[in-house]
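> Everything below, folded, please.
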Amino acid sequence: MINGKFEAAGRFSAMAVALALLGAAAPEGARAQEPAAVETKAGTEAGAATEPAGDAAAEPGGAAPAAAPAEEPAPPTPIAKPDPAAPATPTPDPDKADPAKTDPAKTGPAPSEVAQGPLTVVSWGGVYSKSQQEAIFHPFTRATGIEIKDKVYAGTLDQIRSQQAEGAMTWDVVDVDPADAEAGCEEGLFEKLSFVLPAAPDGTPALDDFLPGTIHPCAIGSVAWSMVLARAGSEDAAPADDLRPDSLADFFDLQTFPGGRGLRRTPMANLEWALLADGIAPEEVYSLLRTDAGVKRALAKLDTIREAIVWWEDAGEPAALLTSGQVVMSSAYNAPAFNDIAVRQRPVELIWDRQLWDIDLWAVPAGAPHREAALEFVRFATGTEPLARQTRWLPYGPVRRSAAPLAGDFVHTDIDIAPYLPTTPENLETALRNDAVFWREEGPALVDRFNDWLSR
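Reported below is the predicted structural model:
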């Protein structure tokens, strides 16, 4: 899914993985599962593509793969200002009733006690929905007898608002990003969740097993995607002494590692990385970016590599830039990059230092026709085993720590997917979580500042 995304000041939502394998097309505006950035009202997210290898594989929207960008990129053009994002999802107070207060002995209602559905579960389509069908939907039906009808939507709250206004809610569960989880909760569109989540297999309570910030009062986190750094992986891409770049500091070091640098044309991630590379502690990044001095400092750091930057906009471009030699390092969404590595077998390698990550979550609309079955589904879908199974279809990291050791081989190639997951412990060591509150409040102004900087 990360399905990843972001234009400048907004939410990340899950993103495009190839539909070629499925022989189906997502509706216009939906998060088509293809290795490309999908723009939403507040973000861009990138997804894992699992189409057959080869340069003829389908690219976003069914078009042919994008050609490598020209060596002389066009002059910078201003990026559009998206709608602001909703606040980030806070971790509930452990002293208050919330879905993470796990009693290992309590597993929720038995199948016979739950309204039998069928449940209508709404998600993004393509390979992302395929991963949910295989890892979650089918096992849930086998375990409970509750059938699931899956539906694809365009990733906005408008349909939920419309159904509730008409008193005709037909959806039971919806896959949402953090911005919509927060906005929907504030508007009363989603149920306030107060039930018991299953403990980890070793008995660890859910509140301790889920990564911080992945349990929301109205939604439960499922998978994480991220923006990472990538480098050319061929032998002739390394200097004679075999020194390879492997950190954010190396990305900004043009003397040791001369050559182009690929960056998405947006302030998001670039400003955070600039401050991190300039020595700012992760916990201080967003507070500093709220100040004029902090923004100036970030842009000044970007100035140190400005002449080497090759801007990209489509999530499939970084691999083309790297393999063509136009850049030696680039930012990239982890899922499309994995597709290039594992399926297309392109010489690209990921660098997890200072990855910027975010999540998707499950929410239950208020007035869901099968509320109890929907709650049981959310409990099941966010369990350790289903989250681990889902990694077989795409490299989105499960947000439960107990699921990481259970990740296995990618379903389409003989490759261990664990090293490519954002939530694999070693990949999280220096990671920074996207701050949606910051981008909602400061994003529009930062887009203007970034556009001014581009035009200089």
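> As a check, name the ranges of all helices in the stretch 101-250 of the chain.
Assigned by DSSP state H, counting those that start in this stretch, the helices in the stretch 101-250 of the chain fall at 126-132, 138-144, 158-165, 178-187, 206-209, 248-251.
> show me where the stretch 301-450 of the chain has helices.
Under DSSP H, counting those that start in this stretch, the stretch 301-450 of the chain gives helices at 317-323, 334-342, 371-381, 384-390, 425-428, 436-455.
> How about Asp246, nearest residue that isn't a chain neighbour?
Take Asp246 and drop its neighbours on the chain: the residue closest to it by Cβ to Cβ, 6 or more residues apart in numbering is Ile351, 5.7 Å away. The way it works is simple: take the backbone N, C-alpha and C, and place the C-beta from them, glycine included.
> Tell me, how many residues neighbour the one you found?
By the criterion of other Cβ atoms under 10 Å, Ile351 has 20 neighbours.
> now swap in Val399 and tell me
27.
> Look at it and report its pLDDT.
With respect to pLDDT, Val399 scores 97.
> show me what contacts it?
Shown in contact with Val399 (Cβ atoms under 8 Å, 6 or more residues apart in numbering): 210-211, 214, 221-224, 359, 382, 387, 423.
> Show only the entries of those residues found in strands.
Under the assignment DSSP state E, the contacts of Val399 contribute 221-224, 359 to strands.
> farthest pair in these?
Within these, two members stand farthest from each other by Cβ to Cβ: Ser222 and Ala224, at 8.6 Å.
> between those two, what contacts are shared?
Both Ser222 and Ala224 are in contact with 359, 398-399, where contact means Cβ under 8 Å, 6+ apart.
> what's the distance between the closest residue to Ala368 other than its chain neighbours and Ala200?
Nearest non-adjacent residue to Ala368, counting by Cβ to Cβ, 6+ apart: Asp172, 4.5 Å away. According to Cβ to Cβ, to the nearest Å, Asp172 stands 26 Å off from Ala200.
> re the thing from before, just send the helices of the stretch 301-450 of the chain back as TSV, with mean neighbour count, distance to Val121 and mean pLDDT too.
Listed next are the helices of the stretch 301-450 of the chain as TSV, based on neighbours: other Cβ atoms under 10 Å; distance: least, Cβ to Cβ, whole Å; pLDDT from 0 to 100:
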stretch	mean neighbour count	distance to Val121	mean pLDDT
helix 317-323	25	32	96
helix 334-342	28	21	94
helix 371-381	23	7	96
helix 384-390	21	13	96
helix 425-428	16	28	96
helix 436-455	20	24	91
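> nearest to Thr156, of those helices?
Of the helices of the stretch 301-450 of the chain, nearest to Thr156 by Cβ to Cβ is helix 436-455, at 15.9 Å.
> could you dump that closest one to PDB, C-alpha only?
C-alpha atoms of helix 436-455 as PDB (Å, rounded to 0.1, in the frame of the first residue of the first chain):
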ATOM      1  CA  ALA A 436       0.500  15.300  10.500                       C
ATOM      2  CA  VAL A 437      -0.400  18.000  13.000                       C
ATOM      3  CA  PHE A 438       2.600  20.000  11.900                       C
ATOM      4  CA  TRP A 439       1.900  19.600   8.200                       C
ATOM      5  CA  ARG A 440      -1.800  20.600   8.700                       C
ATOM      6  CA  GLU A 441      -0.900  23.700  10.500                       C
ATOM      7  CA  GLU A 442       2.400  24.800   8.800                       C
ATOM      8  CA  GLY A 443       2.200  23.100   5.500                       C
ATOM      9  CA  PRO A 444       0.500  25.800   3.400                       C
ATOM     10  CA  ALA A 445       3.100  28.400   4.400                       C
ATOM     11  CA  LEU A 446       5.900  26.000   3.900                       C
ATOM     12  CA  VAL A 447       4.700  25.200   0.400                       C
ATOM     13  CA  ASP A 448       5.000  29.000  -0.400                       C
ATOM     14  CA  ARG A 449       8.400  29.100   1.200                       C
ATOM     15  CA  PHE A 450       9.600  26.100  -0.700                       C
ATOM     16  CA  ASN A 451       8.200  27.500  -4.000                       C
ATOM     17  CA  ASP A 452      10.100  30.700  -3.400                       C
ATOM     18  CA  TRP A 453      13.200  28.800  -2.800                       C
ATOM     19  CA  LEU A 454      12.700  26.700  -6.000                       C
ATOM     20  CA  SER A 455      12.300  29.900  -8.000                       C
END
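> Please name every helix or strand in contact with that helix.
Contact here means 3 or more Cβ pairs under 8 Å, 6 or more residues apart in numbering; DSSP states H and E; on that basis helix 436-455 packs against helix 178-187, helix 270-277, helix 285-289, helix 292-303.
> about what we covered before: so which of the ones in strands among the contacts of Val399 comes closest to Leu406?
For the ones in strands among the contacts of Val399, the nearest to Leu406 is Val223 (14.0 Å; Cβ to Cβ).
> Go through the ones in strands among the contacts of Val399 and say which is closest to Ala436.
When those are compared for distance to Ala436 (Cβ to Cβ), Ile359 wins out at 10.5 Å.
> Isn't the closest one up against Thr214?
Yes. If you go by Cβ atoms under 8 Å, Ile359 and Thr214 touch, sitting 5.7 Å apart.
> Compare these two (neighbour count), which wins?
Higher neighbour count among Ile359 and Thr214: Ile359, with 30 against 26, using other Cβ under 10 Å.
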